[in-house]
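A.B. asks: Just the structure for this:
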Amino acid sequence: MQQYYDENIFSQSVVIQTLYENYATALFAYLRFYCPSREDAEDLLLETFLQALESTSFISLSPEKQRSWLYSVAHHKVVDRFRQKARREHIGLDLVAEAIFANDEHTPEYLALKREEYQQVLRAVQHLGVDQQEILRLRFANGLRCTEIATLLGKKEGTIRSLLSRTINLLRTTYRHLEEGTK
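C.D. replies: Sure, this is the predicted structure:
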């Protein structure tokens, strides 16, 4: 009996280690976006994987469902953290822009143009609603598919697809209007 128990724990440990290696970086990026500090994001990441370890049904899920489950748990951990702190902090747009362009080895002119375009996109995104911004982040920054976003947000996949399509079209229109206003 003890040998079966030890083998089961070892097997579960290997699965969790593999999941951690596959998803920790993306989950951390997702959590870091919403958390005011790196330490908070690390704590929530650890709590997410601990919950996976404690779940009796997690191991039996397909890899795609495991990924959705992890993102869903991470999302709920963030929501719980916000409820505890009762306020939301943001990463400064300057920090985001600097991080994106930090490793770029192009000419200063190229960097200036890219930064200007990036800031224009950020302004266009800021004109969107909070739900629209979140769906864009989940789809493009975190690489989730519509089915995973639907599961995460508790909505139908068709609703998410429709909202994503409308959001992208609105973003294009807003970007064009802002671009015309700066010329």
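A.B. asks: next SSE after the helix or strand of the chain with the lowest mean pLDDT?
C.D. replies: In the chain, no helix or strand scores lower on mean pLDDT, DSSP states H and E than helix 93-101, which sits at a mean of 59. Scanning forward in sequence from helix 93-101 by DSSP states H and E, the next helix or strand is helix 108-126.
A.B. asks: Next, report how far that following helix is displaced from the centre of its chain.
C.D. replies: In terms of C-alpha atoms, centre = their mean, to the nearest Å, the centre of helix 108-126 is set 22 Å apart from its chain centre.
A.B. asks: Check which helices and strands that helix is in contact with.
C.D. replies: Packing partners of helix 108-126 (3 or more C-beta pairs under 8 Å, 6 or more residues apart in numbering; DSSP states H and E): helix 93-101, helix 157-182. Every C-beta, even on glycine, is put in place using the N, C-alpha and C of the backbone.
A.B. asks: List the buried residues of it.
C.D. replies: Using 16 or more other C-beta atoms under 10 Å as the test for burial, helix 108-126 gives 120, 123-125.
A.B. asks: and what of stretch 67-74?
C.D. replies: Buried residues in stretch 67-74 (16+ other C-beta under 10 Å): 67-74.
A.B. asks: Can you tell me how far the most centrally placed residue in the chain is from L170?
C.D. replies: For the chain, Y30 is the residue whose C-alpha lies nearest the centre (C-alpha atoms, centre = their mean; 3.2 Å). Counting by C-beta to C-beta, to the nearest Å, the gap between Y30 and L170 amounts to 23 Å.
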